[in-house]
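Participant: Return a 3D structure for these sequence lines:
(one chain, ligands or ions: 1)
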Amino acid sequence: MSELLDVIVIGAGPAGYPAAIRAAQNKLKVACIDEWKNTDGSYAFGGTCLNAGCIPSKALLESSELYQRAKEEFAAHGIKLGSIGFDVAQMQKRRASIVKTMTGGITALFKSNGVTGIQGHGRLLPGNEVRVTAPDGTETSLRAKEVILASGSTPVRLGVVPHDGKLIVDSWNALEFDAVPRRLGVIGAGVIGLELGSVWRRLGSEVTMLEAMPDLLPMADQTIVKEAQRHFKKLGLDIKLGAKVLRAAVKGSGVEVAYADGAGEHTLEVDKLVVAVGRRPFTQDLLAEGTGVELDARGFIEVDEHCRTTAAHVWAIGDAVRGPMLAHKGKEEGIMVADLIAGRYGEVNYKVIPSVIYTAPEIAWVGQTEEQVKASGRPYKVGAFPFAASGRARAMEMAQGMAKVIAAKDDDEVLGVHVIGPMAGELIAEAVLAMEYSASTEDIQRTIHAHPTLSEAIHEAALSADKRAIDAINR
Ligand SMILES: Cc1cc2nc3c(=O)[nH]c(=O)nc-3n(C[C@H](O)[C@H](O)[C@H](O)COP(=O)(O)OP(=O)(O)OC[C@H]3O[C@@H](n4cnc5c(N)ncnc54)[C@H](O)[C@@H]3O)c2cc1C
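Facilitator: Down below sits the predicted model:
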């Protein structure tokens, strides 16, 4: 058996690799094992997020949005272009090159921090031994004082929709299409479905989205969702709510989907079908008998608020454990665990985790929705500011959406901030910081925001909570 390490991390996604780096920064001897294999056969660190999620989706969202803006907004700026076209192969080349740069960056970060990165499958055995199977099948054993499980998640599949990897696919395949499908079906109008639907719709697909739930984005503030629905409709996303898929099958060169809604049973014919109905924790072949690590009823690794599993000296983080399946949530858990292992302070504030949907306009929020605050019974006040009144948004030709601040009536504490509009994902950082420090709307009101910036919308929304907005009518 090999030497005893301080920490072994299984999984080098956005939860695992920061855990490994922070543990190394804490002067611990660390190895991080990952088995990710790309469609071209190459191995890479970075997990779902860098290889098949956050980063490639944002690359394509950016390319397709620029194309859309060039078509629809440049004329208003007085910019004249000849005919506008696009090249999917070049978009995909750019996407792949960004992914390669970012995943290569993790290899470099491991090296500079002294983390031993290992490509291969890791399986936890009793006694904190980890059996590593290399891509060529060679087996070795490692042992560590502490083990961090960061095995992530995988797309949920529907039994009635058999994937063939070509016409019926998951989100990963849908990021690697080499041509624009004329008719695209998307099962699931959640965050991933909406982002993928937006990419291909902007490039010309007729997109039909089938969502089983009666409401769109039930976890988001409903004022914001109503506004979003207008924009999705304008883009041409045909979102069918309350539409339960009964079955789907490849038929000739396309796919036939049967679904039912309140009006009965329907058939939809598309050229490609993407299944984006959520993700489930991935723990396949991760745990040998007798480790003492338990899973909950939904397959998540059971952990406490500090990510300790039911086995001593074994921790679990990221998508494999409870909580929102978001890269930044996993990253903070990884950092917390690596600090706790080193005897330092570590905590994740689960109440203040931002969510972003990278549609156009973007949607972002932190804290409670108005519906949640109302249900809590705590008296509250709401301030809102439309980007139509923002000079910067006007100058950008992106004067759509609003910022909304919800605060407690008694002590003025900010309870939630919701933004739909240009760069909402960037703007929400201010609200996250404010809520992390338990700020009041008065704190935001008294904070100077540069003019003209989009961030003034948050400032004005905070003022509007007390009917003191300057640049908009107070209601
Ligand atoms: C299309 C799409 C878009 C997304 N966009 C965003 C976004 O914009 N923002 C955001 O916050 N989140 C986004 N997400 C979610 C985000 O990707 C996940 O929340 C994040 O990747 C979870 O990180 P993780 O490290 O827990 O798991 P993962 O990223 O899934 O990484 C786990 C890693 O562990 C490896 N592994 C698993 N088991 C073993 C084993 N036994 N041995 C060795 N290696 C193993 C896997 O190969 C993988 O590399 C998106 C997801 C998708 C699919």
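Participant: Quick one: residues contacting whatever residue of the stretch 301-450 of the chain ends up closest to the ligand.
Facilitator: Nearest to the ligand, among the residues of the stretch 301-450 of the chain, is residue 318, at 2.2 Å (C-beta to the nearest ligand atom). Every C-beta, even on glycine, is put in place using the N, C-alpha and C of the backbone. Listed by C-beta atoms under 8 Å, 6 or more residues apart in numbering, the contact partners of residue 318 are 11, 13-16, 150-152, 329-330, 333-334.
Participant: so where's the stretch 151-300 of the chain shaky on pLDDT?
Facilitator: Of all residues in the stretch 151-300 of the chain, none has pLDDT under 70.
Participant: What segments of it are strands?
Facilitator: Per DSSP state E, counting those that start in this stretch, the stretch 151-300 of the chain carries strands over the ranges 153-155, 168-169, 183-187, 206-211, 238-241, 244-251, 254-261, 264-270, 272-275, 279-281.
Participant: Repeat that for the stretch 301-450 of the chain.
Facilitator: 314-316, 355-357, 362-367, 380-386, 402-408, 414-421.
Participant: right, and residue 337 touches residue 18 too?
Facilitator: No. Counting by C-beta atoms under 8 Å, residue 337 stays clear of residue 18, with 9.8 Å between them.
Participant: need the residues of the stretch 151-300 of the chain near the ligand, please.
Facilitator: Residues of the stretch 151-300 of the chain lying close to the ligand by C-beta under 6 Å from any ligand atom are 151-153, 171, 192, 282, 285-286.
Participant: Try it again at 8 Å.
Facilitator: 151-155, 171-172, 174-175, 191-192, 195-196, 276, 279, 282-286 (C-beta under 8 Å from any ligand atom).
Participant: ChimeraX command to pick out the buried ones of those residues?
Facilitator: Selection of buried members from those for ChimeraX, criterion 16 or more other C-beta atoms under 10 Å:
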select :151,152,153,154,155,171,172,174,175,191,192,195,196,276,279,282,283,286
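Participant: Next step: the residues of the stretch 151-300 of the chain next to the ligand restricted to helices.
Facilitator: Judged by DSSP state H, helices contain the following of these: 171-172, 174, 191-192, 195-196.
Participant: Report the two of those residues separated the most.
Facilitator: The most widely separated members of these, counting by C-beta to C-beta, are 172 and 191 (15.2 Å).
Participant: export the strands of the stretch 301-450 of the chain to CSV and tack on distance to the ligand?
Facilitator: Converted to CSV, the strands of the stretch 301-450 of the chain look like this (distance: least, C-beta to the nearest ligand atom, whole Å):
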stretch, distance to the ligand
strand 314-316, 9
strand 355-357, 6
strand 362-367, 11
strand 380-386, 25
strand 402-408, 20
strand 414-421, 16
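Participant: Please convert these to a markdown table, extending it with mean neighbour count.
Facilitator: Converted to a markdown table, the strands of the stretch 301-450 of the chain look like this (neighbours: other C-beta atoms under 10 Å):
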| stretch | mean neighbour count |
| --- | --- |
| strand 314-316 | 28 |
| strand 355-357 | 20 |
| strand 362-367 | 25 |
| strand 380-386 | 21 |
| strand 402-408 | 26 |
| strand 414-421 | 27 |
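Participant: Out of these, which gets nearest to residue 24?
Facilitator: Using C-beta to C-beta, the strands of the stretch 301-450 of the chain put strand 314-316 closest to residue 24, at 15.9 Å.
Participant: ok now that closest one, how far from the chain's centre?
Facilitator: 23 Å (C-alpha atoms, centre = their mean, to the nearest Å).
Participant: repeat for stretch 212-229
Facilitator: Distance, centroid of stretch 212-229 to centroid of chain: 17 Å (C-alpha atoms, centre = their mean).
Participant: gap between the two ends of that stretch?
Facilitator: 16 Å (C-alpha to C-alpha, to the nearest Å).
Participant: list the buried ones in that stretch?
Facilitator: Residues 212, 216-217, 220-221, 223-225, 227-228 are the ones in stretch 212-229 that count as buried (16+ other C-beta under 10 Å).
Participant: returning to that earlier point: just flag the most distant two among the contacts of residue 318.
Facilitator: Of all pairs in these, the most separated under C-beta to C-beta is 151 and 329 at 15.3 Å.
Participant: what sits against the residue most central in space within the chain?
Facilitator: By C-alpha atoms, centre = their mean, the chain has its centre lying nearest to residue 326, at 4.8 Å. Counting by C-beta under 8 Å, 6+ apart, residue 326 makes contact with 353, 355.
Participant: if you set the cut-off to 10 Å instead, what comes out?
Facilitator: Listed by C-beta atoms under 10 Å, 6 or more residues apart in numbering, the contact set of residue 326 reads 14-15, 49, 54, 191, 318-319, 332, 353-356.
Participant: now, the most widely separated pair of these?
Facilitator: The widest separation within these (C-beta to C-beta) is 19.0 Å, between 191 and 332.
Participant: Name the nearest residue to the residue of the stretch 301-450 of the chain closest to the ligand, sequence neighbours excluded.
Facilitator: Leaving aside its sequence neighbours, residue 318 sits nearest to residue 15 (C-beta to C-beta, 6 or more residues apart in numbering; 2.7 Å).
Participant: surely the one you found meets residue 327?
Facilitator: Yes. The criterion here is C-beta atoms under 10 Å, and residue 15 meets it with residue 327 at 7.8 Å.
Participant: Give the residue from the two that has the larger number of neighbours.
Facilitator: More crowded of residue 15 and residue 327, by other C-beta atoms under 10 Å: residue 15, with 34 against 20.
Participant: distance of that one from residue 31?
Facilitator: For residue 15, the distance to residue 31 (C-beta to C-beta, to the nearest Å) stands at 16 Å.
Participant: as a whole number, average confidence for stretch 345-356?
Facilitator: Stretch 345-356 shows an average pLDDT of 98 in the prediction.
Participant: Stretch 446-456 now?
Facilitator: Predicted confidence along stretch 446-456 averages 98 (mean pLDDT).
Participant: circling back: ok, the residue nearest to residue 318 - contacts?
Facilitator: By C-beta under 10 Å, 6+ apart, the neighbours of residue 15 are 9, 47, 49, 148-152, 307, 316-321, 326-335, 337.
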